[in-house]
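Q: sharing a model prediction with you, sequence too.
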2 protein chains.
Amino acid sequence: MSATNSVSFAPPPDPASLLRRERENASIDPLAMHRFIEGSAEKSSQILRLYSSLERDPVMAASYRDYELDLEEQRELTTMRINRMTRYIETDTASDFARRLNLVTIYDPSMGIRISVNLGLFLNCIRGNGTSDQYEYWAKHHESAIMKQMYGCFGMTELGHGSNVAGCETTATFDKEKDEFVINTPHIGATKWWIGGAAHSATHSVVYARLLVDGKDYGVKTFVVPLRDSNHDLLPGISVGDIGAKMGREGVDNGWIQYSNVRIPRFFMLQKWCRVSAEGKVTLPPLEQLSYISLLGGRVMMAVDSYRMSARFITVALRYAVGRRQFKSQSTRDGKETQLLDYPLHQKRLLPYLALAYAMAVGSNKLEIQHGEIVANLEKAVANNDKKGIEQSIALTKSLFVDSGSLKSTYTWLTADCINEARQSCGGLGYSSYNGFGKTYGDWVVQCTWEGDNNVLGMSAGKTIINNLKLAVQKNKSISGSLSYLSRGRQGMSDKYVLGQDSDVESPEKVLEALETLIIRVAGTALNTLSDNGNDWDSISHTRVLLSKLQCHRYTLFTFIERVAENKDTQLEEALVLLLKLYYQVNILQAFAGEFLTYNVMSGQVQASVSLRAIPSTLTALRPHAIILSDSFQQPDMILNSAIGRYNGDIYENYYGVVKAANPPIRDKAPYSAAFQAMLNRPDLQTRERFEKWGAAKMKLSK
Amino acid sequence: MSATNSVSFAPPPDPASLLRRERENASIDPLAMHRFIEGSAEKSSQILRLYSSLERDPVMAASYRDYELDLEEQRELTTMRINRMTRYIETDTASDFARRLNLVTIYDPSMGIRISVNLGLFLNCIRGNGTSDQYEYWAKHHESAIMKQMYGCFGMTELGHGSNVAGCETTATFDKEKDEFVINTPHIGATKWWIGGAAHSATHSVVYARLLVDGKDYGVKTFVVPLRDSNHDLLPGISVGDIGAKMGREGVDNGWIQYSNVRIPRFFMLQKWCRVSAEGKVTLPPLEQLSYISLLGGRVMMAVDSYRMSARFITVALRYAVGRRQFKSQSTRDGKETQLLDYPLHQKRLLPYLALAYAMAVGSNKLEIQHGEIVANLEKAVANNDKKGIEQSIALTKSLFVDSGSLKSTYTWLTADCINEARQSCGGLGYSSYNGFGKTYGDWVVQCTWEGDNNVLGMSAGKTIINNLKLAVQKNKSISGSLSYLSRGRQGMSDKYVLGQDSDVESPEKVLEALETLIIRVAGTALNTLSDNGNDWDSISHTRVLLSKLQCHRYTLFTFIERVAENKDTQLEEALVLLLKLYYQVNILQAFAGEFLTYNVMSGQVQASVSLRAIPSTLTALRPHAIILSDSFQQPDMILNSAIGRYNGDIYENYYGVVKAANPPIRDKAPYSAAFQAMLNRPDLQTRERFEKWGAAKMKLSK
């Protein structure tokens, strides 16, 4: 029995022994599984090394105190951690620092985004839209790439314009005479809003503003506009304010900015793709979307974050579910209450999210690799002025817009669901700040809105899918990339079952075919609707979002199947196949049952069999592996930062210890106690009314 | 154009005019609709009167400042408001005060629950389980019914036992010699946990503890145990601590309590149903559930809260959706961007929650009335010692356990979804604290866990449904109450479509029949599973929760149909029918499409028609009424407490004004600014390393 910090009259519950038992009975090496999850031995060992470095760092390490801070304190802590990170950026390799930032983001998303706005959005915008000289100047000469001298923010969103960036109303008017741009906020709606770092940190902004030359509007382009001087004082013409309290991420000083006819030299315009000559001649970019390329990296990392955040909370919830006993089930033999995770309902609530975390790990890992390659190739092609290379990279970028948009939106939604379900599965203790769910949920859900609202991304990806299907069926064109399966368009459009026999769902490849078929049929129906209603895309927006979700699962399932087939470590085989199955049984076949049935891809009988037999049987088979499969995520206690979720499983002592440390019982009266006591001990109403309505008053006044 | 608080170079957006236009074109009187929603003209006018009283009360009125408080400040504000409420409780009628408390709970749930724990849980427990003398003594003589002299808390949940109350481990050992009970916490797991008001407010607790008499365990009974003396000091043997930070409801001083052999007189046991004589003779209650009857009122009010909270946020989201423009849709004619609510996707996201809020209003209103009648009848029967009346009331109470459990769980889940979807539909502005979503979501979601965990309530209700179906089909028994439709059990079990034609879903009665049929078939399948697997109820727990959700919708749909049929105000007719249809099309037929199709209650072709034709057509018809239908909830700006959701619709000016008031731009440097500047201006790495690795050092040290 583990050490306790409380006196007992009787033996207390011993949840730690239950976790130990799970691990003793495990047949999987969690480190081997971690290598599978992360995709390579190198990446796995890099992550473990960085976890250890963060855990030991006095500033970077999280604790329960992170959950108790008010807004000012959160911002101060975030600043201390950013400062600490600047020391690592000077000594880490680029790969180590990027991964370190990604890992800190799991437990301190405020700090993560505050740095990512500078290094990711601001600098990627300069890198993607600026010339190499411009990047060299701002990033290297001014040292912003190591968070020194200057700190950038990303002035895209306006109060009146979020998703529709092309509708931004901030103006950048070219003044030929002075060779300057005049940046101006024309009205309240064009106030730059939500700008991370603007309120108190940023020295510079990149601004998305309408380029106006000789009275002509060339649309939204990007400009570097300084906000604060080297004394950190606001420059004239710059109005900035703090956006204040938020649902989460309170460590971030989001601000609003108004520009009042601020002048910048012409060469502060980012001009890799778009240029304005001294004479006012405008050269436009080959693809308007290129100016949003800086957002792609963020979307890719949000897919990665989704996996790590889901892994974090499913780990906590599973450890609690094994250590917690509740009610006696009919199968209880030892007279004790049953462990939560031995209930089929509890398995059904949690294990699909465990499988989903694995699926998202595999899917986001692939997306991250693809993104890295495409960006590197594009940069190389631009450096060599290789026109064909540029074209190829642009084509791949378009495909990446679909995949990253679908994965970002679907994964971030599912992760919000995962945190929510994991919290509810821990009952009341999930509601306590010290177990991490509440703050993290508040921090997390903005991912569904920013850097591409999930519905807008979904609609956009869905439109591309429908357009590609049209090319395939109407022009017989062969589609490449992750939409290549659309090439068999017409073939998929019959109404024959793909999953007509119970045994069909045993084969992941068959399920993949069914999923592709469903996408083809849904998109095909949408095409018919469009031709009936004169191409009213808005009328099928719901279907477009649905298609994007299905495409995300198609990408993920395809990759998961591929990875399981490649795996050579036989000890992992059984568990991986079960995770793969549970992933598609619940997250695909059951989640979209209505669609599979309506479009006749799956028969009602197969659906009933999936729900009543296949899923319960996978859950039962996976149950014994649950703890070791979550241990395999290898997130240390510091990262989990959850009193009930610690590795040793001593739920009650750990949690009680944190609650007592954070709220010493000796403070037995609250600061407001006197007010409360005065209320309880108040005189009665007649006394407080000075007896004006009774007795002597009545006798005197009612004569 | 409305007054502005910002300088413009160009005309700003004018969202207020868009809201005005909606109201000018409306054909419904929102006050007439309010009477329908609240169920009677009396209740409607009572609510409007109380709204006005709260709005004008300097302490009770909410403002954006409520969103910026840290834990200590929230508790202090809550205390001030409780104090203020004690003045109303002395002067309001009982009905007015109960309604007032219910209305405050919409915008200050922390205050709501802090009072409800005392007046609802604590006193209802004494009323439900104590003799009339006991109630008289504690509530009246000690004035706790007017929150004077004493303040009660509700010691049910333990650290190791939440849902399984019967498994509580706190002991109440009868000491015959001294005629006392000894209350004791045997170990850490039996620590009373989450006890609202325990940390700093409560003077007394009711304790759920195992009754031990002469070594025999009689199960969990209820006892009054004082915590603090009249000086508000903790009594000896009582250990109390603050539970600290939470995901929400931080205004509530939830605490933990450990009892160390605390002695109370025998007459502190609540002994209406269960008694221990001086000689140790134990009389047990006629129905063990009666000791949980004090929870019923809370569940009923949570159903009511669900309606009001959904109404609040759907009002905010709809006003924003009308005032906000985004992108130009193909149908745009005036050159301006399209209003969000004119997009079919946005209609699909929000209008079903509008319909749901109406459905929940109607459903919860009926539940509230039923609960009031049952409790009154039971009390009357007990007072008259009317055995038959008691039996009847107990039967009705059992039925109320099913309905209140189903409505509480399903409604609270759906309301969490509603707040979430409404927030996301407001884009980034939904994430700002000043619009109310974040704090309210955090405050809200505990409703899914406390006073009956939603899954546990669902399983329990589902079990009753299955057992009643068994009685109907196997014993041919006729079922009464809200499960009476189960009486046609066998008949519903064929596999014929109920909804086989597109036109079938036009009839609400037909849909009701389909829903009842689905319940019968799902429960019937569950019965078969049970008889196959030796009555393993755990294996069908997922189905049981599903049945509870379906039963909730059956109760709601039935009531909604009934209410629409009764309505005599013809101006409301069209909108009510549309709301009723949208409610069942989306929340029933589409939400449970997989089940309707799998169980052959609806054909795939009808399902496709519902999704592709019926729902879009209802949405289009309802769109013009959206604003007036949310205005009809009559929640004033103070209750909404949302800058973007105010009645005048001047979204941007309202919100910008609040942000500036809360965060004056003149504070242009943060308290941590110096640290941030020092970071940016740090010397380079070599300097900070004292040049130890280079130059002179290298020459000296590498010899």
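A: Right, received. Where do you want to start?
Q: give me the buried positions along the lowest-mean-pLDDT helix or strand in chain A.
A: Of the helices and strands making up chain A, the lowest-confidence element is helix A:489-492, at a mean of 82, by mean pLDDT, DSSP states H and E. Of the residues in helix A:489-492, those with enough neighbours to count as buried (16 or more other C-beta atoms under 10 Å in any protein chain shown) are A:489, A:492. Backbone N, C-alpha and C define where each C-beta goes, glycine included.
Q: distance between it and the chain's centre?
A: 34 Å (C-alpha atoms, centre = their mean, to the nearest Å).
Q: and the helix or strand following it, is it in reach of chain B?
A: Of the helices and strands lying after helix A:489-492 in sequence (DSSP states H and E), the nearest is helix A:508-532. Yes: contact between helix A:508-532 and chain B is present through A:525, A:529 (criterion: C-beta under 8 Å from any C-beta of the partner chain).
Q: just list what the helix or strand following helix A:508-532 packs against, helices and strands only.
A: For helix A:508-532, the following helix or strand on the C-terminal side (DSSP H and E) is helix A:541-566. Here helix A:541-566 touches helix A:344-383, helix A:387-425, helix A:454-474, helix A:508-532, helix A:570-582, helix B:344-383, going by 3 or more C-beta pairs under 8 Å, 6 or more residues apart in numbering or on different chains; DSSP states H and E.
Q: any chance of those in CSV, plus distance to residue B:417?
A: Putting the helices and strands packed on helix A:541-566 into CSV (distance: least, C-beta to C-beta, whole Å) gives the following:
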stretch, distance to residue B:417
helix A:344-383, 16
helix A:387-425, 10
helix A:454-474, 15
helix A:508-532, 24
helix A:570-582, 24
helix B:344-383, 8
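Q: which of the ones you listed sits closest to residue B:69?
A: Closest approach to residue B:69 among these is made by helix A:387-425 (23.2 Å; C-beta to C-beta).
Q: tell me the gap between that closest one and the middle of its chain.
A: Centre-to-centre, helix A:387-425 and its host chain are 10 Å apart (C-alpha atoms, centre = their mean).
Q: mind giving me the packing neighbours of it?
A: Helix A:387-425 is packed against helix A:294-323, helix A:344-383, helix A:437-444, helix A:454-474, helix A:541-566, with contacts defined by 3+ C-beta pairs under 8 Å, 6+ apart.
Q: which residues does the closest residue to residue A:577 other than its chain neighbours contact?
A: In space, residue A:577 comes closest to residue A:564 once its chain neighbours are excluded; the distance is 6.6 Å by C-beta to C-beta, 6 or more residues apart in numbering or on different chains. Each residue near residue A:564 by C-beta atoms under 8 Å, 6 or more residues apart in numbering or on different chains is listed here: A:508, A:576, A:577, A:580.
Q: could you do residue A:148 as well?
A: Under the criterion of C-beta under 8 Å, 6+ apart, the contact list for residue A:148 reads A:86, B:680, B:682, B:684.
Q: tell me, how many residues neighbour the last one?
A: For residue B:684, the neighbour count with other C-beta atoms under 10 Å in any protein chain shown is 11.
Q: excluding its backbone neighbours, what's nearest residue A:465?
A: Residue nearest to residue A:465 in three dimensions, not counting chain neighbours: residue A:547, with 4.9 Å by C-beta to C-beta, 6+ apart.
Q: surely residue A:174 is in a helix?
A: No: secondary structure of residue A:174, determined by DSSP: H, G, I helix; E, B strand; the rest coil: strand, with no helix assignment.
Q: verify the contact between it and residue A:268 for me.
A: No: contact status for residue A:174 versus residue A:268: not in contact, 11.9 Å apart, counting by C-beta atoms under 8 Å.
Q: wait, residue A:283 sits on residue A:221?
A: No: using C-beta under 8 Å, residue A:283 makes no contact with residue A:221, being 11.1 Å away.
Q: which neighbours do those two share?
A: By C-beta under 8 Å, 6+ apart, the residues touching both residue A:283 and residue A:221 are residue A:274.
Q: these two: who's more crowded?
A: A direct count of neighbours by other C-beta under 10 Å for residue A:283 and residue A:221 places residue A:221 higher, at 25 against 11.
Q: so which strand or helix has that one?
A: In this structure, residue A:221 sits in strand A:216-226 according to DSSP H and E.
Q: compute the inter-axis angle for that strand and helix A:294-323.
A: Counting by axes from the mean of the first three to the mean of the last three C-alpha atoms, to 10 degrees, strand A:216-226 lies at 60 degrees to helix A:294-323.
Q: how far is the next helix or strand after strand A:216-226 from where the chain is centred?
A: Once the chain leaves strand A:216-226, the next helix or strand it forms, by DSSP H and E, is strand A:238-242. The gap between where strand A:238-242 is centred and where its chain is centred comes out at 28 Å by C-alpha atoms, centre = their mean.
Q: now for strand A:238-242, which elements pack on it?
A: Counting by 3+ C-beta pairs under 8 Å, 6+ apart, the elements that strand A:238-242 packs against turn out to be strand A:255-259.
Q: what's the neighbour count on the residue of the stretch 151-300 of chain A found nearest chain B?
A: Among all residues of the stretch 151-300 of chain A, residue A:247 sits closest to chain B, at 2.7 Å; criterion: C-beta to the nearest C-beta. Residue A:247 has 25 neighbouring residues, counting by other C-beta under 10 Å.
Q: separation between the residue nearest to residue A:577 and residue A:578?
A: For residue A:564, the distance to residue A:578 (C-beta to C-beta, to the nearest Å) stands at 10 Å.
Q: and for residue A:171?
A: The spacing between residue A:171 and residue A:578, counted by C-beta to C-beta, is 58 Å.
Q: quick check: residues of the stretch 251-400 of chain A near chain B?
A: By the criterion of C-beta under 8 Å from any C-beta, the positions of the stretch 251-400 of chain A lying close to chain B are A:253, A:256, A:325-327, A:329-331, A:337, A:343-345, A:348-349.
Q: repeat that with 6 Å
A: Proximity of the stretch 251-400 of chain A to chain B (C-beta under 6 Å from any C-beta of the partner chain) is limited to residues A:326, A:327, A:329, A:343, A:344, A:345, A:348.
Q: for the fourth one, which non-adjacent residue is closest in space?
A: Taking C-beta to C-beta, 6+ apart as the measure, residue A:343 lies nearest to residue B:538, with 5.7 Å between them; neighbours along the chain are not counted.
Q: tell me how far residue A:141 lies from residue A:148.
A: 11 Å.
Q: with residue A:365 instead?
A: 32 Å.
Q: ditto for residue A:651
A: Counting by C-beta to C-beta, the gap between residue A:651 and residue A:148 amounts to 45 Å.
Q: please apply the same query to residue A:554.
A: With the distance defined as C-beta to C-beta, residue A:554 ends up 44 Å from residue A:148.
Q: now residue A:540
A: Counting by C-beta to C-beta, the gap from residue A:540 to residue A:148 is 50 Å.
Q: what's the answer for residue A:663, then?
A: Look at residue A:663 and residue A:148: by C-beta to C-beta, they are 41 Å apart.
Q: please apply the same query to residue A:609.
A: On the measure of C-beta to C-beta, residue A:609 and residue A:148 end up 62 Å apart.
Q: in the sheet, who's paired with residue A:212?
A: Under DSSP bridges, the beta-bridge partners of residue A:212 are residue A:173, residue A:217.
Q: next one: residue A:406, what pLDDT does it get?
A: Here the pLDDT value assigned to residue A:406 is 98.
Q: quick check: chain neighbours aside, which residue is closest to it?
A: The shortest distance from residue A:406 to any non-neighbouring residue, by C-beta to C-beta, 6+ apart, is to residue A:552 (4.1 Å).
Q: how many neighbours does that neighbour have?
A: That count, for residue A:552 with other C-beta under 10 Å as the rule, works out to 26.
Q: who touches it in this structure?
A: A:406, A:407, A:410 (C-beta atoms under 6 Å, 6 or more residues apart in numbering or on different chains).
Q: quick one: residue A:129 and residue A:269 touch, right?
A: No: if you go by C-beta atoms under 6 Å, residue A:129 and residue A:269 don't touch, sitting 9.2 Å apart.
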